[in-house]
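Enquirer: predicted model follows, preceded by the sequence.
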Amino acid sequence: MQRSDLGRLGVWAALDGMPAAQAVEFCQKLEAWGYRALWMPEAVGRDPFAAIGYLAARAETLIFATGIANIYARDAMAMRAIQQSLAELTGGRLLLGLGVSHAPMVQGMRGHAYGRPVATMSAYLDAMKQAVYLGPKPAEEAPIVLAALRPKMLALAAQKARGAHPYNVTPEHTRRARERLGPEGWLCPEQMVLLETTPSRAREIARKNLKTYLGLPNYRNNLKWLGFEDGDFEEGGSDRLVDALVAWGDEVAISARIREHHDAGADHVCIQAFRSDGQLGADERLLAALAPRR
């Protein structure tokens, strides 16, 4: 897989709320609209790799990326087997996004000790590289990108992975990430988007979707690195913070934000389209409007 295979624009979506048949239909729509990649998270829903195996068998060209798979959920040998198996079984349509997740999700939900993020990820990647796998080899190994936010993890993404998949970020973060990845590292930021032009309504929906993220230390520390202050996290997030993280407005305004990421050095931007009615799930109307083949 080459970075150009991803295309300039992809989709980030959690499909856990969709029955299997609806998820397949969603993937087929993305293909028809010209999207090349679908990024799927791992949290408390379906196993992402089981879902990828099912969906890839029912899609023709779509690349499936994890955004991200939690390294605490599987040891390095298991992840190596997944990387090799799905690369083979999907015909090279797997992009493996790995991350250290967050202490509350690792210690609180999974009961694991949360190690130092960069050291833990570095050791995990080394263990994956050394792991024994005796199954059929894929024609090409699935590339790995890291959920990298701060300078040290971005440096590791450049050194031991193909690049980075930053989540909950701004174009300014993309600019800083490109500086640390260098020209060769793949840079695939996620951008939240919302088709709503009324400021109060847009920010209300955005705050609802940002609530969990703004309480997690890794995201807070990253946003402080970008210049936000403690007061920006109060009462669901300041207007300045909400507007920086969620591109809301009409299609022109949203497209302009996506261009900002590309201008800042992104190779591929994956958009998470919030529904304007405030309900969970992807706004297919917006995805169709922004689609490469629109």
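Expert: Yep, it's here.

Enquirer: what sits up against the helix or strand where Lys208 lies?
Expert: Using DSSP states H and E, Lys208 sits within helix 199-214. Residues outside helix 199-214 that contact it (CB atoms under 8 Å, 6 or more residues apart in numbering): 168, 192, 194, 196, 219-220, 233, 236-237, 239, 241-243, 245-246, 248-249, 274-276, 278. Placement of C-beta: from N, CA and C, glycine included.

Enquirer: quick check: phi and psi on the most centrally placed residue in the chain?
Expert: Central residue of the chain (CA atoms, centre = their mean): Gly67, 3.5 Å from the mean position. Per-residue torsions, Gly67: phi -140, psi 70 (degrees, to the nearest 10).

Enquirer: isn't it up against His165?
Expert: Yes - using CB atoms under 8 Å, Gly67 is in contact with His165, at 5.6 Å.

Enquirer: and for those two, which residues touch both?
Expert: Contact criterion CB under 8 Å, 6+ apart; residues shared by Gly67 and His165: 39, 97, 147, 190, 270.

Enquirer: run a quick neighbour tally on Gln279.
Expert: By the measure other CB atoms under 10 Å, the count of residues near Gln279 is 11.

Enquirer: that one is in what secondary structure piece?
Expert: Under the assignment given by DSSP H and E, Gln279 is not contained in any helix or strand.

Enquirer: Val11 should be in a strand, yeah?
Expert: Yes - assessed by DSSP: H, G, I helix; E, B strand; the rest coil, Val11 belongs to a strand.

Enquirer: so who does it touch?
Expert: Taking CB under 8 Å, 6+ apart, we find Val11 in contact with 30, 35, 37-39, 270-273, 282, 287.

Enquirer: how far does stretch 165-179 sit from its chain's centre?
Expert: Here the centre of stretch 165-179 is set off from its chain's centre by 12 Å, with CA atoms, centre = their mean, to the nearest Å.

Enquirer: how far off centre is stretch 64-73?
Expert: 9 Å.

Enquirer: what sits up against that stretch?
Expert: When contacts are defined by CB under 8 Å, 6+ apart, stretch 64-73 is touched by residues 10, 12, 37-42, 48-49, 52, 55-56, 79, 90, 93-101, 105-106, 110, 112, 114, 120-121, 124, 145, 147, 165, 167, 188, 190, 270.

Enquirer: narrow these to those in helices?
Expert: 48-49, 52, 55-56, 79, 120-121, 124 (DSSP state H).

Enquirer: okay, those residues in TSV with pLDDT, neighbour count and distance to Ala202 next?
Expert: Formatted as TSV, these follow (pLDDT from 0 to 100; neighbours: other CB atoms under 10 Å; distance: CB to CB, whole Å):
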residue	pLDDT	neighbour count	distance to Ala202
Pro48	97	25	30
Phe49	98	23	35
Ile52	98	24	32
Leu55	98	21	31
Ala56	98	20	35
Met79	98	22	38
Thr120	97	16	37
Met121	98	24	35
Tyr124	98	20	39
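
Enquirer: and stretch 241-255, C-alpha only, in PDB?
Expert: C-alpha atoms of stretch 241-255 as PDB (Å, rounded to 0.1, in the frame of the first residue of the first chain):
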ATOM      1  CA  LEU A 241     -12.000  25.300  21.600                       C
ATOM      2  CA  VAL A 242     -15.200  23.900  20.100                       C
ATOM      3  CA  ASP A 243     -14.800  25.900  16.900                       C
ATOM      4  CA  ALA A 244     -11.200  24.700  16.600                       C
ATOM      5  CA  LEU A 245     -12.000  21.000  16.900                       C
ATOM      6  CA  VAL A 246     -15.400  20.800  15.000                       C
ATOM      7  CA  ALA A 247     -15.700  22.300  11.600                       C
ATOM      8  CA  TRP A 248     -19.300  23.400  11.400                       C
ATOM      9  CA  GLY A 249     -21.200  25.500   8.900                       C
ATOM     10  CA  ASP A 250     -22.100  25.000   5.300                       C
ATOM     11  CA  GLU A 251     -20.200  22.800   2.800                       C
ATOM     12  CA  VAL A 252     -17.900  25.600   1.800                       C
ATOM     13  CA  ALA A 253     -16.800  26.300   5.400                       C
ATOM     14  CA  ILE A 254     -16.200  22.600   6.100                       C
ATOM     15  CA  SER A 255     -14.300  22.100   2.800                       C
END
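
Enquirer: who's in contact with that stretch?
Expert: Stretch 241-255 has contacts (CB under 8 Å, 6+ apart) with 168-170, 191-197, 202-203, 205-207, 209-210, 214, 223, 228, 232-233, 236-237, 257-258, 274, 286, 289-290.
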